[in-house]
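Trainee: here is the input, now give the coordinates:
(one chain, ligands or ions: 1)
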Amino acid sequence: MSDGSGNGQLEGKVAVITGAASGMGLATAERFVAEGAKVVIADFNADAGRAAAEALGPAARFTRCDVSVEDDVAAAVALATDAFGRLDIMFNNAGIGGAFGPITEIEVDHWDTTFAVLVRGVFLGTKHAARVLIDQGEGGSIINTASVAGLGGGAGPQAYSAAKAAVVNLTTTTALELAPHSIRVNAICPGVIFTPLMHGGDVDDAEAMVSELQPLPKRGEGADIAGAALWLAGDDSAFVSGQSIAVDGALLAAGPRIFGRLKNTRNVHRMVGMAHGTTGQAPVARRL
Ligand SMILES: NC(=O)c1ccc[n+]([C@@H]2O[C@H](COP(=O)([O-])OP(=O)(O)OC[C@H]3O[C@@H](n4cnc5c(N)ncnc54)[C@H](O)[C@@H]3O)[C@@H](O)[C@H]2O)c1
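Mentor: All right, here's what the predicted structure looks like:
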């Protein structure tokens, strides 16, 4: 039974969430349980993971898991079926910032570890969850956490961004492969979400950046990702697969931010009219 704070949208469903000891994974575990799901918290950080599972009560279990290690991921999926009898939702969400620094200096080990956590982790979660979901024969939902950093430059270091781009592509290819089994695979591409990974303790600095760059005047929170994950996990998204959905306060929609900066477009919000380009016709304009 759900704890009554949700609408029972995931009543009877069982989820594994990696990286659920903190940030958006934790917010999603809380939301899923409130909506009636049973949840396995699979995280590298045993103290935080155990505390999260205890706080959620009997609907949650914790397993210490490094998503880059196949046996750990297989054990997390097995815990879901052993403890709760089935699996419906796999949320491959665990992540780290990974390698940083100039491309001329990055250590191969650091590069490889970044990809091991961010890409191999999603591969292993998909592999082991899909085996169970295929055997059950009732479909399922696999959700991957990518990033707006995986959709272009300028949002993260090279290794992280390249790894998240790989997650976006793995989402599309596995969505195709698993579609005949009614298993949907989608990715969430968070923008700036106020978690310990993003702000590293300096919340003021992060807020200043957001107020300058993000169009929606709201802080992105773990709960915003949990809401998107809930939709992707549940039946309301039954016809959605292979998508990478930005949940980013319109950060990507703002695009290259050229319009409004050239002299002839600077007054764009104070004027209304029609530009005829180089046709020789005069522009029509009226000041607002
Ligand atoms: N916060 C943001 O602004 C942002 C933006 C885009 C994408 N993301 C992605 O969102 C996901 C969640 O990040 P968050 O912001 O909630 O960070 P977070 O640090 O609050 O939580 C991440 C969790 O993942 C766990 N983890 C790390 N490596 C692991 C491993 N090898 N095996 C198992 N667990 C591991 C950590 O222990 C932690 O509990 C990550 O994939 C991250 O790359 C975050």
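
Trainee: helix or strand: which one has Ala94?
Mentor: Using DSSP states H and E, Ala94 maps to neither a helix nor a strand.

Trainee: disregarding flanking residues, what is the spatial nearest neighbour of it?
Mentor: Nearest non-adjacent residue to Ala94, counting by C-beta to C-beta, 6 or more residues apart in numbering: Gly19, 3.2 Å away. From N, CA and C alone the C-beta is placed, and that goes for glycine too.

Trainee: with Asn92 instead?
Mentor: In space, and not counting its chain neighbours, Asn92 is closest to Gly125: 3.9 Å by C-beta to C-beta, 6+ apart.

Trainee: quick check: domain ranges of this protein?
Mentor: For the chain, automatic domain parsing gives the domain ranges 14-256, 258-288.

Trainee: so for the longest one, mean pLDDT?
Mentor: Pointing back at domain 14-256 there. For domain 14-256, mean pLDDT rounds to 98.

Trainee: that one: how far from the chain's middle?
Mentor: 5 Å (C-alpha atoms, centre = their mean, to the nearest Å).

Trainee: end to end on it, go ahead and measure it.
Mentor: 41 Å (C-alpha to C-alpha, to the nearest Å).

Trainee: and that domain, does that touch the ligand?
Mentor: Yes: legend: contact between domain 14-256 and the ligand by C-beta under 6 Å from any ligand atom is shown at 18-19, 21-25, 43-45, 48, 65-68, 93-96, 117, 145, 147, 190, 192-193, 195-198.

Trainee: how about the helices of the protein, start to end?
Mentor: Taking DSSP state H to define them, one finds helices in the chain at 23-34, 46-56, 70-84, 108-115, 121-136, 158-178, 196-199, 203-213, 222-233.

Trainee: what's the closest of those helices to Gly6?
Mentor: Closest approach to Gly6 among those (C-beta to C-beta): helix 23-34, 4.0 Å.

Trainee: tell me the buried residues in the closest one?
Mentor: Buried residues in helix 23-34, counted by 16 or more other C-beta atoms under 10 Å: 23-34.

Trainee: count of residues packed around the residue nearest to Asn92?
Mentor: A total of 28 residues lie near Gly125 under the criterion other C-beta atoms under 10 Å.

Trainee: thinking again about what came up before, buried among the residues of domain 14-256 next to the ligand? Need that as a selection in ChimeraX.
Mentor: Selection of buried members from the residues of domain 14-256 next to the ligand for ChimeraX, criterion 16+ other C-beta under 10 Å:
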select :18,19,21,22,23,24,25,43,44,48,65,66,67,68,93,94,95,96,117,145,147,190,192,193,195,198
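
Trainee: let me see the contact set for the residue of the stretch 51-200 of the chain found nearest the ligand.
Mentor: Closest residue of the stretch 51-200 of the chain to the ligand, C-beta to the nearest ligand atom: Gly95 (2.2 Å). Taking C-beta atoms under 8 Å, 6 or more residues apart in numbering, we find Gly95 in contact with 19, 117-118, 121, 145, 197.
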